[in-house]
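**Student:** whatever this is, show me its structure:
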Amino acid sequence: MTILHTQRLRLEPLNDSHFDGLYAINRRPEVMRYITGQPDTPEQTTAMIERTKAQWALCGYSWWAYIDIDSGALVGTGCVQNIERNPLNPLELGWRLHPDHWGQGYATEAARTMMRFAFAALDAQLLCAVCHQENADSAAVMERLGMRFISIEHWYQRDLAVYGISREKWLAVQAAAGSAAPTTPRV
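**Tutor:** Numbering: from 1, shown residues only. Next comes the predicted model:
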């Protein structure tokens with residue numbers, strides 16, 4: 001399974017050892033407000049880990065734990081997955097962070113690395129991200145990533161704002177920033 005690195009984070013496949021850190025995030029009402037609308041129970045967090053492990057085994061990608069390199073703490077989690085975990089749907093980037101780490105750029109930093117992985121290693125042609133229509137903070141991350149609003153669509157049993165970026169657009173952004181063609185992220 002793929003481990004990714006950023007300047008401040010190690011992204012490692014989410015597994016049973018991450019339960020405490022993940023539950024500390026998922027049980028927070030302010031984190032889950034725009035995701036499910038209610039805090040997770042321990043059983044729901046366990047079920048998320050089980051689904052994630054199955055997706056890693058099936059697809060070779062899913063949710064990563066964001067581990068702060070300096071402290072070793074789990075500060076968040078994020079994914080490359082198919083929307084609604086259906087392989088026929090587009091690839092989706094997603095993330096959630098513990099509130100103690102909001103506003104520090106972790107979501108954007110990790111998502112950029114996950115994007116590079118999706119475009120380089122998975123040869124994705126389109127990446128999407130979805131958020132509750134009132135979640136301005138997540139929408140701002142999507143825009144910082146170069147994603148643009150596509151439409152309001154029905155995913156995960158609700159109407160969500162869908163943002164996306166094509167491989168072609170991503171390559172153009174990388175070229176304009178002086179980056180080389182996509183390379184496999186440092187693992």
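**Student:** tell me where the model's unsure across the protein.
**Tutor:** Residues of the chain meeting the criterion pLDDT under 70: 179-187.
**Student:** change it to 80
**Tutor:** By pLDDT under 80, the weakly predicted segments of the chain are 84-88, 177-187.
**Student:** neighbours of residue 68, how many?
**Tutor:** Residue 68: 15 surrounding residues under other C-beta atoms under 10 Å. Placement of C-beta: from N, CA and C, glycine included.
**Student:** do the same with the one 3 residues further on
**Tutor:** The criterion is other C-beta under 10 Å. On that basis, residue 71 has 8 neighbouring residues.
**Student:** leaving out chain neighbours, which residue sits closest to residue 79?
**Tutor:** Nearest non-adjacent residue to residue 79, counting by C-beta to C-beta, 6 or more residues apart in numbering: residue 63, 4.3 Å away.
**Student:** what does residue 150 give?
**Tutor:** In space, residue 150 is closest to residue 162, 4.6 Å off (C-beta to C-beta, 6+ apart).
**Student:** can you give me the end-to-end distance of stretch 154-162?
**Tutor:** 9 Å (C-alpha to C-alpha, to the nearest Å).
**Student:** swap in stretch 128-139?
**Tutor:** One end of stretch 128-139 to the other measures 12 Å (C-alpha to C-alpha).
**Student:** buried set for it?
**Tutor:** For stretch 128-139, burial by neighbour count (16 or more other C-beta atoms under 10 Å) applies to 128, 129, 130, 131, 132, 135, 138, 139.
**Student:** which ones among the residues you listed lie within helices?
**Tutor:** Judged by DSSP state H, these include 138, 139 as members of helices.
**Student:** let me know the closest of the buried residues of stretch 128-139 to residue 24.
**Tutor:** Nearest to residue 24 among these is residue 138, at 19.7 Å by C-beta to C-beta.
**Student:** show me what the longest helix seen in the chain is packed up against.
**Tutor:** Longest helix in the chain, counting residues (DSSP H): helix 42-59. Judged by 3 or more C-beta pairs under 8 Å, 6 or more residues apart in numbering; DSSP states H and E, helix 42-59 is in contact with helix 19-26, strand 63-68, strand 74-82.
**Student:** 7 Å instead?
**Tutor:** When contacts are defined as 3 or more C-beta pairs under 7 Å, 6 or more residues apart in numbering; DSSP states H and E, helix 42-59 sits against helix 19-26.
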